[in-house]
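A.B. asks: Here's a sequence, model it:
(chains A and B)
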Amino acid sequence: MKDVIIGLEVHVQLNKLNSKLFCGCSTKYHDSEPNTYTCPVCLGLPGALPVLNRAIVEAAIKVALALNCEIAEQTLFYRKNYYYPDLPKGFQISQYDYPIATNGKLVIEGDGERQIRIKRVHMEEDPARLVHKGPIERSKYSLIDYNRSGMPLLEVVTEPDLGSPKEARQFLNKLRNILEYLDVFDGSLEGALRVDANISLAGGARTEVKNISSYKGVEKALSFEIVRQKNLMRRGIKVVQETRHYDEARGVTISLRTKEEEKDYRYFPEPDLVPFKVKDKVAEIRKCLPELPDAKRRRFVKRYNISEHHAKVLTSELGLANFFENVAAKVGANQAATWIADVLKGELNYRDLDISAFSPEHMIQILHMLEEKNITEKGAVQVIRTLLDKGGTPAEIVKQKGLLKVDEDVIAKAVDEAIKENPAAVKDYHAGKNEALHFLVGQVMKKTSGKADPNVVNKLLREKL
Amino acid sequence: MITKKDVEHIGWLARIKLSDEEKEEFTTQLNSILDYFAKLDEIDPNVAPTHHVSGVVNVFRDDAVKESLDQKDVLQNAPKKEEGFFKGPRIV
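C.D. replies: Numbers count the residues shown, from 1 in each chain, chains lettered A, B, ... in the order given. The predicted model follows:
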């Protein structure tokens, strides 16, 4: 038995669609004035009736198929009743019995492959956004923005198969990657992802941590909760089953003392929406599924003959995978894989940028210069950094920074000089001291302002000594 | 059987404050409603559930954007507002 048992309920906004779940209000409300993307339906005004967006059902089926789920014969919406300012109707339209999909699985790659079972996938409407002046516990009132109200959400519920906060993070990364491949989700938008996590330690009760709203937050909230529960157990105090709220700013979980239980939600079938029988659409949707991350990774290894590790990194984001294929069409695939997965990706991560910040054309130009031995590897890294920090073109940067590689006869001259000027080092080298060679290489590099190819310098030095 | 405690809980769920007389009154009323529904125990439970009475399925709309309401109109009936937001009590 595992020490730590974690199950996740992941809410993702299908924010790539045009309109909301049950009304024609636009989903592109981010960075807009509050309450400017609303209508009688998403404001819950009396008499307004919801009508289901067809594209959302199709997107839900796509996601469910990518998660290897079974699609329901018939799917229903329910009213989940609770009183809160973010729900203007006094209930949320969600799914309960008869969710759109059940019984899936997702394979994550951590230390070896692990299969995580998916319990169910269901559709529901997003509540409004609440804003508080200052910390929530000290604010006197709530401000409500209904722009988010009625946004289409998918809730993906896992079985308690995750064994650590790190695995939870890996699961979320994989899920995000699949959703972006399916072109239904933009994970960079505010509020795109929210997670509730169930967590227990062996022999203890389970707590539910709500309100985790970032990828990093999941790992932090769960790690905090593990330490909290361990400390209680160490002191002989029982962990109670409860709901806790994650405070992102302080990185702690706080007891919510909620009095609501599942039966208090008084779920019942939403009378304003008819049942949906969509199974006959499944075959058609399955045919239109794009190549998913695992399949792409296998194809990259086979087609481009690159390492499993490089293929994994390159397919971890759709943008990165497309970038690689663009570049690999023009230069050697192995060279491209190394430079994109190892060098460029690292430089992007360091700057918190994604691949759209770099042009594949520039990468091709840089790799051509390397292939023709016009610049050194060190010079190529410098070009990449300058492009990211200041812009320009590779050719300009090479010229401005004087990165053009020094010809072999210039290096030969510098080598001759270095040997002449450092007789002591030459003597040491002949006495078998390897450091002396390093010293001489350093002298040559200094004379050529670091533009000489170190391999050539090494080769020439050994020859001439 | 519905007790006074159940009525208090239901009142809390709806965020409605009930007086002692109301609690007594609603306990009696809700019990008589439940008694009436007990008639359902007499029917054969082995029939398919009716989730919707119309028999209609698959009513969709296309994923097309329609114009939203003006912020001014949206807020016109709000008793309390601030900087374009609705203003309400803080509930934690």
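
A.B. asks: What pLDDT is listed against the most centrally placed residue in chain B?
C.D. replies: By Cα atoms, centre = their mean, the mean C-alpha position of chain B lies nearest to residue B:14, the distance being 8.2 Å. Listed pLDDT for residue B:14 reads 87.

A.B. asks: Can you report phi and psi for residue A:374?
C.D. replies: Backbone dihedrals for residue A:374, given as degrees, to the nearest 10, come out at phi -80, psi -30.

A.B. asks: For residue A:307, which residues are in contact?
C.D. replies: If you count contacts by Cβ atoms under 8 Å, 6 or more residues apart in numbering or on different chains, residue A:307 has them with A:301, A:337. C-beta coordinates here come from the backbone N, C-alpha and C atoms, glycine included.

A.B. asks: In this structure the residue nearest to the centre of chain B contacts residue A:82, no?
C.D. replies: No: if you go by Cβ atoms under 8 Å, residue B:14 and residue A:82 don't touch, sitting 9.8 Å apart.

A.B. asks: Who's the closest spatial neighbour of the residue nearest to the centre of chain B, skipping the chain neighbours?
C.D. replies: Among residues not flanking residue B:14 along the chain, residue A:83 sits closest, at 6.4 Å (Cβ to Cβ, 6 or more residues apart in numbering or on different chains).

A.B. asks: Burial check on the residue of chain A at minimum distance from chain B, number of neighbours?
C.D. replies: At 2.9 Å from chain B, residue A:24 is the closest residue in chain A, using Cβ to the nearest Cβ. Neighbourhood size, residue A:24 [other Cβ atoms under 10 Å in any protein chain shown]: 20.

A.B. asks: Residue of chain B closest to chain A, please.
C.D. replies: For chain B, Cβ to the nearest Cβ, closest residue to chain A: residue B:66, 2.9 Å.

A.B. asks: Just to be sure, that residue is in a strand?
C.D. replies: No: per DSSP: H, G, I helix; E, B strand; the rest coil, residue B:66 lies outside any strand segment and is coil.

A.B. asks: What are the phi and psi values at residue A:207?
C.D. replies: phi -110, psi 150.

A.B. asks: repeat for residue B:70
C.D. replies: As for residue B:70, its main-chain torsions (degrees, to the nearest 10) stand at phi -70, psi 140.

A.B. asks: What count of nearby residues applies to it?
C.D. replies: If we define neighbours as other Cβ under 10 Å, then residue B:70 has 12 of them.

A.B. asks: Residue A:402 too?
C.D. replies: For residue A:402, using other Cβ under 10 Å, the count is 11.

A.B. asks: Assess the claim that it and residue A:448 are in contact.
C.D. replies: No: Residue A:402 lies out of contact with residue A:448 (Cβ under 8 Å); the separation is 10.7 Å.

A.B. asks: So chain A: which segments form each domain?
C.D. replies: A:4-285, A:293-400, A:408-464 (automatic domain parsing).

A.B. asks: how far does the shortest one stretch from start to finish?
C.D. replies: Just to be clear, that refers to domain A:408-464. Length of domain A:408-464, first residue to last, Cα to Cα, to the nearest Å: 14 Å.

A.B. asks: picking up where we left off before, mind listing what the nearest residue to the residue of chain B closest to chain A once chain neighbours are set aside touches?
C.D. replies: Distance criterion Cβ to Cβ, 6+ apart; nearest residue to residue B:66, sequence neighbours excluded, is residue A:24 at 2.9 Å. Neighbour list for residue A:24: A:39, B:61, B:64, B:65, B:66, B:67 [criterion: Cβ under 8 Å, 6+ apart].

A.B. asks: at 10 Å instead, please
C.D. replies: Contact analysis of residue A:24 by Cβ atoms under 10 Å, 6 or more residues apart in numbering or on different chains lists A:18, A:39, A:41-42, A:51, A:53, B:61-68.

A.B. asks: which element is residue A:205 on?
C.D. replies: Using DSSP states H and E, residue A:205 sits within no helix or strand.

A.B. asks: And residue A:283, by the same measure?
C.D. replies: In this structure, residue A:283 sits in helix A:282-287 according to DSSP H and E.

A.B. asks: helices and strands around that helix, which ones?
C.D. replies: Packed against helix A:282-287 by the contact rule (3 or more Cβ pairs under 10 Å, 6 or more residues apart in numbering or on different chains; DSSP states H and E) you find helix A:54-66, strand A:70-71.

A.B. asks: The shortest one near chain B at all?
C.D. replies: In other words, strand A:70-71. No: judged by Cβ under 10 Å from any Cβ of the partner chain, strand A:70-71 makes no contact with chain B; its nearest approach is 14.4 Å.
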